[in-house]
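[1] Show me how the following folds:
(one chain, ligands or ions: 1)
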Amino acid sequence: MPGGQPDPLILSKHGQIGASVPRVDGPLKVRGAAPFAAEFALDGMVYAALKFSTVPKGRIASLETTQAEAAPGVVAVMTHRNAPRMAPMPMFMTAEKAGGSDELPIMQDDRIYWNGQPVAVVVAETQEQADYAVSLIRATYESDAAITSFATAKRKGTEPALFMGQPLKVEKGSADAAFKASAAKVDETYTTPRHNHNAIEPHAATVTWDGDRLIVHDASQAVSHTAWSLGQVFGIAEDQVRVTSPFVGGGFGGKCLWQHQVLGAAASKLAGRPVRIALSREGVYRLIGGRTLTEQRVALGADPDGRFNAIIHTGAVAMSNHSVMPEPFILPTMSSYGSPNIKLDVQVARLDMLANTFMRAPGESVGTFALESAIDELAVALGMDPVELRILNQPDEDPLKGTPFSSRHIAEAWRAGAERFGWSKRNPTAASVRDGEWLVGTGCATATYPYHRMPGGAARITLTRDGAAKVEVAAHEMGMGTATAHTQVVAERLGLTRDQVSFAYGDSLMPGVVLAGGSQQTASIGASVIAAHHVLIAELLKLAGNDSPLAGLGADEVGTVNGGLAKLDDPSRHESYVSILTRSGRDHVAVEGSASAPLETQHWSMHSFGALFCEVGVNSVTGEVRVRRFLGSYDCGRILNPKTAASQFRGGIIMGLGLALMEETQLDDRNGRVMNPSFGDYHVPVHLDVPAIDVIWTDIPDPRAPMGARGIGEIGITGVGAAVANAVFNATGKRVRDLPVTLDKLL
Ligand code: MOS
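    Here you go, the predicted structure:
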């Protein structure tokens, strides 16, 4: 099956795919019956609290823990002096199952690598006792010279970025010369700040040892990666580690393996007790990296009719010395528009800071702010409609690789969105519409995110004699509707009702190495279930034997219809699962299948798209920006469940409104300390900041993606920063090129 074309079986119509099914985990959550990582209660469990360093680099000079050790309820105080010996975490993408966010030997010696690094863990009988005891620990440091400001780091010199082993540097044609010769030009610098992960559920793990077996109840988007990596850290086999993650209160790229799981496991080993380590909101800011800052130049050169001659997108990002994430802001520019001349380059400036990491649509979120703002500026310079300028510059094939697109219906998405939003009624002249003291404007931008499917997918299907099926995949439900959508997919595929299907996930003992990241989990699970389904059919035909109406048929000649198998072109030859299992005297049949290699992305350029429309009001007295209307019109392949999909799009857009208008992690340039580690100081959108968000989609299946679906987890946040900033320009005539668009930049 080169290219991952969907097999004909999924085209059977049982009415499951595309149905607006409510969340299967909804009732559990509403009843409080869904256990999250910090809600597992284990016998003899103790509670952990962390002491954080206050310098960015150096050594611990003194660490006074006697008072803490003597405090009520304290069971152990772990520092570099008594922590178990551990290997560093294998950093993400350095091996198939590596899931660590840095590779630092924390608490193995007296060294400090970032401001906020844990220097001690207290475990006590209650959380309050642990928190109090931590406050009694005194630490002093010998500081080393540290690089904690982006300006200093850039002066020291930058290096070319590497992302997943590939350089983030591409040149096609002669972009500089073509840009110079262009009739219409824009050449500007756009900056975006650091962002912090703020999932509604702060990071937590409940950890216990059973001899040499480690069990971690985690909040994770990578249970298999985490299990293998923890095995490496503690020098035990992968199958001696079990990581569960039945429910996760949001991930967004932040819920992989960080030091708290490692320290929790180490403290549990030291104390000989199960440990619950639940980070405070401040703890999340100190221990869990976020999106790093970017400084991007976008230069666009065009003919007088608006056709692009040159696209230049270059710049620098801050990056930790210990991270794999150079915030690849050029990613959207690699496939969004056609141009004979393209130059892209990301440079990295290294800082002594907490590992920066993946955060929803890394690259695209902030890259689209720069690119899509610049396109708006070019449209103004040309006197062209920005929707028409974007449609005019659509490429016929991948602009860099030359491969065909698997499915690209962005022009339809633009037309449908413009119609629904009422774009034709827009006044293109900036600062010309008033509503009382509010200046009103509209803007648009392209959203985009690639289709991915990582290797390693696998699934187990167990069919029981009562005709029910259980599917197990080491996958994750972070609140996006995975369990619901895949209950539908499996029901459709096996010809069962949803009540007959259970989808089990969130346990590293299950098959598959499946990351809930890169918006690819749905494709990965889908391909895994397809593979297991093929094995299941072959197994069922064997069991059916010569007395079956299916006798003599090969696995490729039958499909599943209404609780059984039937010959594809002759449904009268049919036998139910119940009959096959009963006749063969079996209680159940269990099979495993591994997903095909993800070859589709080698043959086709696979991307999702969206056309975004935004209306803002900007207060002429205070500069306050209010988003009044927002519409996302998407082209993401087949939509499996409109209800959960609409939520994914809306959630992404809301996160994008935060990126556009308020989110900013403030690092003190002098010492690299996060200065706003709380919701009081780090602002995210609340209900009053969010208007009713309209979402529509093309629902055109992608013939190259399993189930025809390209994934929708991350595209929602992309383009939103530019759509808002472009609307602010239309409202006020002021171009803000530095996120977030706060009122001080508009007065
Ligand atoms: Mo996402 S940043 O791949 O969870």
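
[2] Can you tell me how far the closest residue to G526 other than its chain neighbours is from A459?
    Leaving aside its chain neighbours, G526 sits nearest to P706 (3.8 Å; criterion: C-beta to C-beta, 6 or more residues apart in numbering). Using the backbone N, CA and C atoms, a C-beta is placed for each residue, glycine as well. Distance of P706 to A459, given as C-beta to C-beta, to the nearest Å: 12 Å.

[3] got it, and D681?
    With the distance defined as C-beta to C-beta, D681 ends up 44 Å from A459.

[4] neighbour-wise, which of these two wins?
    Ranked by neighbour count (other C-beta atoms under 10 Å), D681 and A459 place A459 first, with 32 against 13.

[5] Can you tell me the strand partners of whichever strand or helix holds the more buried one and which way each runs?
    In this structure, A459 sits in strand 458-464 according to DSSP states H and E. Strand 458-464 has the following sheet partners, assigned by DSSP bridges: strand 469-472 (antiparallel), strand 588-594 (antiparallel).

[6] Check which residues of the last one are buried.
    Counting neighbours by 16 or more other C-beta atoms under 10 Å, one finds that the buried residues in strand 588-594 are V589, V591, E592, G593, S594.

[7] Which pair of these spans the longest distance?
    Among the buried residues of strand 588-594, the pair separated by the greatest distance (C-beta to C-beta) is V589 and S594, at 17.9 Å.

[8] So D587 sits against L463, correct?
    No. Here D587 does not reach L463: they are 10.1 Å apart, not a contact under C-beta atoms under 8 Å.

[9] what residues are shared contacts of the two?
    Common contact partners of D587 and L463 (C-beta atoms under 8 Å, 6 or more residues apart in numbering): L581.

[10] who's more crowded, the two?
    L463 (25 against 9).

[11] Quick one: residues contacting that one.
    Contacts for L463 (C-beta under 8 Å, 6+ apart) come out as A469, L494, L536, L540, Y577, L581, H588, V589, A590.

[12] Show me the shaky parts of this structure.
    Within the chain, the set of residues satisfying pLDDT under 70 comprises 1-13.

[13] Please report the residue range of the longest helix in it.
    helix 521-544 (DSSP state H).

[14] contacting residues around the residue in the chain that the ligand sits nearest to?
    Distance from the ligand to each residue of the chain (C-beta to the nearest ligand atom) is smallest for G253, at 2.6 Å. Residues counted as contacts of G253 (C-beta under 8 Å, 6+ apart) are H197, Q221, T357, F358, M359, R360, P362, G517.

[15] Can you get me a residue count around the closest residue to R213 other than its chain neighbours?
    Using C-beta to C-beta, 6+ apart and skipping the chain neighbours, the partner closest in space to R213 is Q240 (5.0 Å). By the criterion of other C-beta under 10 Å, Q240 has 17 neighbours.

[16] again, but for Q488
    Q488: 25 neighbours (other C-beta under 10 Å).

[17] Equivalent analysis for the one 3 residues further on, please.
    When neighbours are defined as other C-beta under 10 Å, A491 has 23 of them.

[18] That one against S502, yeah?
    No. In terms of C-beta under 8 Å, A491 does not count as a neighbour of S502; the distance is 10.4 Å.

[19] interface residues of the protein facing the ligand?
    Q221, G251, F252, G253, F358, M359, R360, P362, G517, G518, E714 (C-beta under 6 Å from any ligand atom).

[20] JSON lines for these, including secondary structure?
    Listed next are the residues of the chain next to the ligand as JSON lines, based on DSSP: H, G, I helix; E, B strand; the rest coil:
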{"residue": "Q221", "secondary structure": "coil"}
{"residue": "G251", "secondary structure": "coil"}
{"residue": "F252", "secondary structure": "coil"}
{"residue": "G253", "secondary structure": "coil"}
{"residue": "F358", "secondary structure": "coil"}
{"residue": "M359", "secondary structure": "coil"}
{"residue": "R360", "secondary structure": "coil"}
{"residue": "P362", "secondary structure": "coil"}
{"residue": "G517", "secondary structure": "coil"}
{"residue": "G518", "secondary structure": "coil"}
{"residue": "E714", "secondary structure": "coil"}
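
[21] Now list the buried members of those residues.
    Buried members of the residues of the chain next to the ligand, scored by 16+ other C-beta under 10 Å, are Q221, G251, F252, G253, F358, M359, R360, P362, G517, G518, E714.

[22] residues of stretch 646-660 that come out buried?
    Residues 646-660 are the ones in stretch 646-660 that count as buried (16+ other C-beta under 10 Å).

[23] can you list contacts of that stretch?
    Taking C-beta under 8 Å, 6+ apart as the rule, stretch 646-660 contacts 192, 195, 252, 360-361, 365-366, 369, 480-481, 612, 627, 630, 632, 634, 683-685, 689-690, 693, 695, 697, 712-721, 723-725, 739-741.

[24] my guess is V535 meets A590, correct?
    No. Using C-beta under 8 Å, V535 is not in contact with A590; the gap is 10.0 Å.

[25] shared neighbours of these two, anything?
    With C-beta under 8 Å, 6+ apart as the test, V535 and A590 both reach I461.

[26] from the contacts of L463, which single one is nearest A83?
    Nearest member of those to A83, counting by C-beta to C-beta, is A590, at 42.0 Å.

[27] What residues does that closest one make contact with?
    A590 makes contact with R460, I461, T462, L463, according to C-beta under 8 Å, 6+ apart.

[28] would a markdown table of the residues you listed with distance to S101 be doable?
    Listed next are the contacts of A590 as a markdown table, based on distance: C-beta to C-beta, whole Å:
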| residue | distance to S101 |
| --- | --- |
| R460 | 29 |
| I461 | 33 |
| T462 | 35 |
| L463 | 39 |
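
[29] Which among those residues count as buried?
    Those of those that meet the buried threshold are R460, I461, T462, L463, by 16+ other C-beta under 10 Å.

[30] in the sheet, who's paired with the second one?
    Read it as I461. Note on I461: beta-bridge partners by DSSP bridges are V471, V591.

[31] Same check on I112?
    Applying DSSP bridges, one finds that I112 bridges with G58.

[32] next one: the one 10 residues further on
    Bridge pairing for V122 (DSSP bridges) gives the partners A49, V77.

[33] Surely it and A130 touch.
    Yes. In this structure V122 lies within contact range of A130 using C-beta under 8 Å: 4.8 Å.

[34] Identify the contacts common to the two.
    Joint contacts of V122 and A130 (C-beta under 8 Å, 6+ apart) are A48, A49, V74.

[35] Now for the second one: which residues touch it?
    Shown here is A49, whose contacts under the criterion C-beta under 8 Å, 6+ apart are V121, V122, A124, Q127, A130, D131, A133, V134.

[36] Where do the strands of the stretch 551-700 of the chain begin and end?
    Listed in chain order, the strands of the stretch 551-700 of the chain (DSSP state E, counting those that start in this stretch) span 558-561, 564-567, 570-576, 588-594, 607-619, 625-635, 693-697.

[37] Give me whichever of those is most buried.
    strand 607-619 (a mean of 27; mean count of other C-beta atoms under 10 Å).

[38] who does that one touch, helix- and strand-wise?
    Helices and strands touching strand 607-619, by 3 or more C-beta pairs under 8 Å, 6 or more residues apart in numbering; DSSP states H and E, are helix 410-421, strand 438-450, strand 625-635, helix 720-732.

[39] C-alpha coordinates for the third one, PDB please?
    Extracted C-alpha coordinates of strand 625-635, given in PDB (Å, rounded to 0.1, in the frame of the first residue of the first chain):
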ATOM      1  CA  VAL A 625      -8.300  45.400  21.300                       C
ATOM      2  CA  ARG A 626     -11.500  43.400  21.400                       C
ATOM      3  CA  VAL A 627     -12.000  40.500  18.900                       C
ATOM      4  CA  ARG A 628     -15.600  40.900  17.700                       C
ATOM      5  CA  ARG A 629     -15.900  38.100  15.200                       C
ATOM      6  CA  PHE A 630     -13.700  35.200  14.100                       C
ATOM      7  CA  LEU A 631     -14.200  32.700  11.300                       C
ATOM      8  CA  GLY A 632     -12.000  29.700  10.400                       C
ATOM      9  CA  SER A 633     -12.600  28.000   7.100                       C
ATOM     10  CA  TYR A 634     -10.500  24.800   6.900                       C
ATOM     11  CA  ASP A 635      -9.400  22.200   4.400                       C
END
